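Novice: Got a predicted structure here, sequence first:
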Amino acid sequence: MTAGAVSVLGLSELEERLYRHFLRNPGATAGDVHLLLDAPLQRIERALERLLSLAVVVEGAEGGYLPATPELVVDSLTDMRLKQLHEEMRAVTQARHLVASLRAEQELAPTEAPVVEKIENLDTIRSRIDALAFFAREEILSAEPYTALTHENIQHARPLDLRCIRRGVRIRNVVVSKALGDPVTLGYLRELTSLGAEIRVVDEIAARILVYDRNTALTPVDPADGSRGALVSQEAGLVANIVALFEKIWAGATELTSFCGESAEDRLPEVEQRVLEAMCRGTNDEIGARDLGVSVRTYRRYVASILNSLDAASRPHAVFLARERGWI
């Protein structure tokens with residue numbers, strides 16, 4: 001093993017070289033080491049002091065040093081490092097208390113600082129939306145007038161949406177009824193609903209509304225022309241009014257599940273649904289068949305039926321189509 005390998009246990013390269021030297025030459029003195037390792041005597045002495053404090057070496061006769069056994073050294077250093085790492089992890093997980101002090105810094109910002117920011121660059125708007133979604137902690141409200149989402153839109157939005165849902169962020173989304181006429185869009189909305197998002201439908205939405213944690217609101221500069229940019233506000237009164245508008249839209253909207261209820265004929269049979277879920281997990285046919293209590297041959301017939309129902313060219317394609325339809 002090369003020099004420096006013990007660094008993971010907290011020893012510096014020089015300290016490790018010293019320990020290895022004493023393993024080969026028990027009873028050697030600091031002067032001997034100073035010459036052999038070609039290191040300043042002062043550095044050698046500091047390193048020896050630390051090794052002594054860690055019980056990696058002990059003082060022997062006539063100013064020499066004796067090494068502790070490797071098993072004892074590794075076990076002792078491992079315990080020490082684990083305790084250090086545990087303390088570091090505990091400190092990191094308890095870092096929430098820093099919010100108060102950081103908020104205090106924010107409150108020192110000049111009162112004349114603008115509370116409404118205008119962003120005209122579309123890439124900057126998208127980046128800001130991504131950042132607001134990434135750091136959302138409690139709730140995201142959105143009312144969006146789009147009539148269809150592209151595959152690219154979904155690929156971009158899915159990781160952030162799923163991350164928010166996994167972290168317990170409540171998502172409430174209002175869409176227009178025309179969006180449900182697009183199979184790709186409808187499939188993604190159903191997927192989000194199956195994961196816990198709350199989605200409602202209205203006939204018309206005048207302008208896009210986005211609100212994050214009831215603290216930051218984003219609206220278009222011109223409701224009729226989204227390319228003109230967006231306004232981002234944290235002004236409490238303005239945000240509260242935008243939230244009130246959203247709540248009014250929400251109260252008059254219809255639940256997605258009621259608006260486009262799916263008949264039993266549109267769904268897979270229960271056993272095929274279980275096979276589809278196994279496909280999504282990447283379960284191989286042998287394990288999937290065993291879990292269902294059927295033969296591998298029968299299991300593969302279920303897979304073929306699923307591919308046929310979805311008009312899919314392959315298993316990955318079937319999983320993709322099933323996600324779009326909200327079947328998983």
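Specialist: Now that the structure is in, tell me what you want to look at. Residues are numbered from 1 along each chain as shown.
Novice: what sits against F246?
Specialist: 141, 143, 174, 209, 211 (Cβ atoms under 8 Å, 6 or more residues apart in numbering). No exception for glycine: its C-beta is placed from N, CA and C like everyone else's.
Novice: and if you look at L231?
Specialist: 116-119, 218-221 are the contacts of L231 under Cβ under 8 Å, 6+ apart.
Novice: If we use 10 Å, what do you get?
Specialist: By Cβ atoms under 10 Å, 6 or more residues apart in numbering, the contact list for L231 reads 116-119, 217-221, 238.
Novice: Now the buried members of those.
Specialist: 119, 217-220 (16 or more other Cβ atoms under 10 Å).
Novice: any idea how far L85 is from L18?
Specialist: 24 Å (Cβ to Cβ, to the nearest Å).
Novice: Averaged pLDDT, stretch 221-229. What do you get?
Specialist: The pLDDT scores in stretch 221-229 average 81.
Novice: returning to what we had before: which two among the contacts of F246 are spaced furthest apart?
Specialist: Greatest spatial distance among the contacts of F246 (Cβ to Cβ): V174 and V211, at 11.7 Å.
Novice: tell me, what's touching those two both at once?
Specialist: Contacts common to V174 and V211, judged by Cβ under 10 Å, 6+ apart, are 141-143, 246.
Novice: Now intersect those residues with the helices, please.
Specialist: Among the shared contacts of V174 and V211, the members falling in helices (DSSP state H) are F246.
Novice: The shared contacts of V174 and V211 into CSV, with extra columns for distance to A5 and pLDDT?
Specialist: Shown next, in CSV, are the shared contacts of V174 and V211 (distance: Cβ to Cβ, whole Å; pLDDT from 0 to 100):
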residue, distance to A5, pLDDT
L141, 54, 96
S142, 53, 94
A143, 58, 94
F246, 58, 94
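Novice: wait, which of the shared contacts of V174 and V211 is closest to D38?
Specialist: Using Cβ to Cβ, the shared contacts of V174 and V211 come closest to D38 at S142, 66.4 Å.
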